[in-house]
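Asker: what's the 3D shape of this:
(one chain, ligands or ions: 2)
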Amino acid sequence: MTDEILIWGAGAIGGILGAYWARAGIPVKMVDIVEEHARACSSTGLRIEGPVEEFTQVVPCVTPAEVTGTYRTIVLAVKAHATRPALDALLPHLAQDGVILSAQNGLNERTIAEVAGAERTMGAFVNYGADWLEPGRILFGNRGAVVVGEIDGTIRDRTREMHRLLSVFEPDAVLTTEIWAYLWGKLGYGAQLFATALTTDSMTANFAHPDRAPVLIDLAREVMSVAVAEGINPKPFNGFDPAAYLPGAPEGAAEKSIADLAEFNFRTAKTHSGIYRDLAVRKRRTEVDPQIGVISEIAATHGMTTPLIDRLVTLIHEIEDGKRPMSAETFGALAEARP
Ligand SMILES: NC(=O)C1=CN([C@@H]2O[C@H](COP(=O)(O)OP(=O)(O)OC[C@H]3O[C@@H](n4cnc5c(N)ncnc54)[C@H](OP(=O)(O)O)[C@@H]3O)[C@@H](O)[C@H]2O)C=CC1
Ligand SMILES: CC(C)(CO)C(=O)C(=O)O
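Answerer: Ligands and ions are numbered 1, 2, ... in the order given. Just a heads-up that it's a prediction; the model follows:
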């Protein structure tokens with residue numbers, strides 16, 4: 001047994017955490033299926049680039065087959081659709097009294113709790129912007145909200161310790177009793193980000209586009225109404241204001257949130273979302289089903305329908321399958337599903 005932290009998934013999100021922790025002298029090891037990346041991080045080091053800070057840090061990194069021992073803290077930072085296979089591989093290395101922290105988008109904490117047990121699951125919400133560029137190189141595009149909390153809302157010694165560790169990386173990290181409220185807020189913003197990836201335009205260009213803003217507003221309204229049906233009161237962050245998308249919001253509030261998101265994303269060196277990168281750069285499937293499709297599944301349990309979310313999922317799949325281009329016309333096909 002070791003108190004070394006294991007980061008499972010050493011890409012944009014996990015790699016940055018690993019580099020900051022290793023630089024601060026915190027014992028950390030990373031695991032990644034990309035062997036060339038693992039070798040680079042362990043030998044010449046992981047290069048963090050971009051406007052936030054630039055440095056190179058050696059961080060021990062192995063492939064899943066090379067992991068030995070058991071760990072009390074494992075940070076899971078793979079894409080949402082890789083959560084289950086990653087859990088299968090990491091569970092033999094999780095101590096009985098250990099915990100998995102999800103540093104992901106979506107409601108992965110539900111899956112982790114199901115597989116590893118609720119007691120061994122901790123939630124996080126991360127909104128910093130980063131891109132994996134090539135083996136051993138990650139762009140840190142912008143700082144963003146980092147929040148940690150137990151899935152049952154309690155605050156324990158281990159939660160405070162995780163908050164302390166995250167604060168090494170992000171001094172404004174928040175310790176919360178309402179992690180689900182942040183995760184649902186990110187689902188609303190996440191749906192908007194998926195919509196921006198229907199085009200090749202930057203996130204900011206989409207948020208600032210007069211014809212697209214109303215569609216982005218209606219999308220967030222759909223997600224926020226499902227959150228409310230779930231008994232969640234989503235939290236604001238970095239320009240995303242959940243209350244602006246709820247019934248009874250003051251006039252102009254949603255438009256202001258969209259303008260704030262255009263402004264927030266104008267300041268990042270990460271011009272496009274991770275979804276755009278999956279589709280246009282990495283040419284691979286996205287997290288759309290576990291991150292966005294799940295919203296309509298939850299809506300159905302409340303007897304609600306989510307026409308925009310459903311159309312968005314279909315369009316993203318059509319792009320993944322090469323049946324549609326990323327274009328203004330494809331965004332227009334989303335707009336057709338507006339109420
Ligand atoms: N990037 C960002 O700015 C943000 C991302 N997020 C979220 O954070 C999560 C992680 O995203 P991100 O870091 O961008 O993704 P990346 O693809 O950059 O990093 C994930 C890494 O994990 C590897 N991997 C995949 N499956 C496994 C596995 N079973 N075991 C070990 N490693 C594996 C991937 O390899 P391969 O590439 O070959 O699959 C990749 O190197 C996602 O849920 C994302 O939505 C949240 C906020 C911001
Ligand atoms: C845009 C970002 C970084 C949130 O700010 C994100 O979550 C993504 O790329 O999917």
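Asker: Phe169 reaches Ala22, doesn't it?
Answerer: No. Counting by C-beta atoms under 8 Å, Phe169 sits too far from Ala22 to count as a contact (11.0 Å). The C-beta positions use only the backbone N, C-alpha and C, and glycine is treated the same way.
Asker: for the protein, what spans make up the helices?
Answerer: 12-23, 35-42, 83-90, 108-116, 157-169, 179-196, 203-207, 213-229, 253-266, 274-276, 288, 294-301, 307-320, 328-335 (DSSP state H).
Asker: buried stuff in the third one?
Answerer: Buried residues in helix 83-90, defined by neighbour count with 16 or more other C-beta atoms under 10 Å: 83-84, 86-87, 89-90.
Asker: and what of the fifth one?
Answerer: Within helix 157-169, the residues that qualify as buried are 158-159, 162-163, 165-166, 169, counting by 16+ other C-beta under 10 Å.
Asker: enumerate the residues of the stretch 1-150 of the chain near ligand 1.
Answerer: Selection of the stretch 1-150 of the chain residues close to ligand 1 by C-beta under 6 Å from any ligand atom yields 8-9, 11-14, 31-34, 64, 77-80, 82, 85-86, 89, 104-105, 126-127, 129-130, 132.
Asker: buried ones in the longest strand seen in the chain?
Answerer: Looking across the chain with DSSP state E, the single longest strand is strand 94-102. Within strand 94-102, the residues that count as buried by 16+ other C-beta under 10 Å are 94-95, 98-102.
Asker: and stretch 181-189, by the same measure?
Answerer: Using 16+ other C-beta under 10 Å as the test for burial, stretch 181-189 gives 181-189.
Asker: related to what we said a few turns ago, buried subset of the residues of the stretch 1-150 of the chain next to ligand 1?
Answerer: 8-9, 11-14, 31-34, 64, 77-80, 82, 86, 89, 104-105, 126-127, 129-130, 132.
Asker: for the residue in the stretch 101-250 of the chain positioned nearest to ligand 2, list the residues it contacts.
Answerer: Going by C-beta to the nearest ligand atom, ligand 2 is nearest to Gly129 of the stretch 101-250 of the chain, at 3.8 Å. The contact partners of Gly129, by C-beta atoms under 8 Å, 6 or more residues apart in numbering, come to 140-142, 144, 268-270.
Asker: same question, Phe240
Answerer: 185-186, 188-189, 220, 257, 260-261.
Asker: just to revisit the earlier point, averaged pLDDT, the longest strand of the chain. What do you get?
Answerer: Averaging pLDDT along strand 94-102 gives 97.
Asker: just stretch 138-152 next, same as before
Answerer: On average, stretch 138-152 scores 98.
Asker: give me the buried positions along it.
Answerer: Buried, per 16+ other C-beta under 10 Å, within stretch 138-152: 138-151.
Asker: okay, the residues you listed in JSON lines with distance to ligand 2 next?
Answerer: Shown next, in JSON lines, are the buried residues of stretch 138-152 (distance: C-beta to the nearest ligand atom, whole Å):
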{"residue": "Ile138", "distance to ligand 2": "13"}
{"residue": "Leu139", "distance to ligand 2": "11"}
{"residue": "Phe140", "distance to ligand 2": "11"}
{"residue": "Gly141", "distance to ligand 2": "7"}
{"residue": "Asn142", "distance to ligand 2": "7"}
{"residue": "Arg143", "distance to ligand 2": "10"}
{"residue": "Gly144", "distance to ligand 2": "5"}
{"residue": "Ala145", "distance to ligand 2": "9"}
{"residue": "Val146", "distance to ligand 2": "11"}
{"residue": "Val147", "distance to ligand 2": "13"}
{"residue": "Val148", "distance to ligand 2": "17"}
{"residue": "Gly149", "distance to ligand 2": "18"}
{"residue": "Glu150", "distance to ligand 2": "22"}
{"residue": "Ile151", "distance to ligand 2": "20"}
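Asker: strands - which of these land there?
Answerer: Per DSSP E, strands hold the following members of the buried residues of stretch 138-152: 138-142, 146-150.
Asker: farthest-separated two in those residues?
Answerer: Of all pairs drawn from these, the greatest distance, 31.5 Å, lies between Leu139 and Glu150 (C-beta to C-beta).
Asker: now the buried residues of strand 94-102 in CSV, with distance to Glu54?
Answerer: Shown next, in CSV, are the buried residues of strand 94-102 (distance: C-beta to C-beta, whole Å):
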residue, distance to Glu54
Leu94, 34
Ala95, 35
Gly98, 34
Val99, 32
Ile100, 31
Leu101, 26
Ser102, 28
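Asker: tell me the two of those residues that are most distant?
Answerer: Most distant of the buried residues of strand 94-102, by C-beta to C-beta, are Ala95 and Ser102, 17.3 Å apart.
Asker: tell me the one of the buried residues of helix 83-90 nearest Ala337?
Answerer: Thr83 (28.1 Å).
Asker: check what pLDDT the closest one gets.
Answerer: At Thr83, the model reports a pLDDT of 98.
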